[in-house]
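*Asks:* Sequence first, predicted coordinates after that:
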Amino acid sequence: MNGLEAAYRAEVHAYRQARAGKDIAGAWRFLERAHILSQSVLRLHLHAHVMMLAFAISRWEWREALGQVFRLLLAPLGALLGRIPIGNIGRTSVSAFMPMPIPEDLQRVLYP
């Protein structure tokens, strides 16, 4: 397992812990960080959106769930065309096409 995948798994683990502890804001934050890390690996990128979709459904957040379905459909096309908005947190609250700043600790993983 490479450093990127290890960091991704760590964020997923942190998400699961936050969710188990009923820390909804923290759970979303860890999913967003996992999404940022996942963008360059389609398998991980799709996994991040599936987790976001499942979490949104579990919370009855239908707008977010619909947005995740849209992003699941867009991700393969974006990867194929090389048009992934780097740093985007993957949530419905932001445009699926908007690049965003990457947190410093994630930059060290993405650009060692």
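*Replies:* Now that the structure is in, tell me what you want to look at.

*Asks:* max-length helix in this structure?
*Replies:* In the chain, taking DSSP state H as the definition, the longest helix is helix 62-81.

*Asks:* For Phe70, give me its contacts.
*Replies:* By CB atoms under 8 Å, 6 or more residues apart in numbering, the residues touching Phe70 are Ala96. Quick note: C-beta positions are derived from backbone N, CA and C, even for glycine.

*Asks:* How about the secondary structure of Pro85?
*Replies:* Following DSSP: H, G, I helix; E, B strand; the rest coil, the label given to Pro85 is coil.

*Asks:* okay, now it: neighbour count?
*Replies:* The number of residues packed near Pro85 is 16, by other CB atoms under 10 Å.

*Asks:* Torsion angles phi and psi at it?
*Replies:* Backbone geometry at Pro85, expressed as degrees, to the nearest 10, gives phi -80, psi 100.

*Asks:* what about the residue nearest to it when sequence neighbours are not counted, neighbour count?
*Replies:* Closest residue in space to Pro85, ignoring its immediate chain neighbours: Pro99 at 4.5 Å, by CB to CB, 6 or more residues apart in numbering. As a burial measure, Pro99 scores 11 neighbours (other CB under 10 Å).
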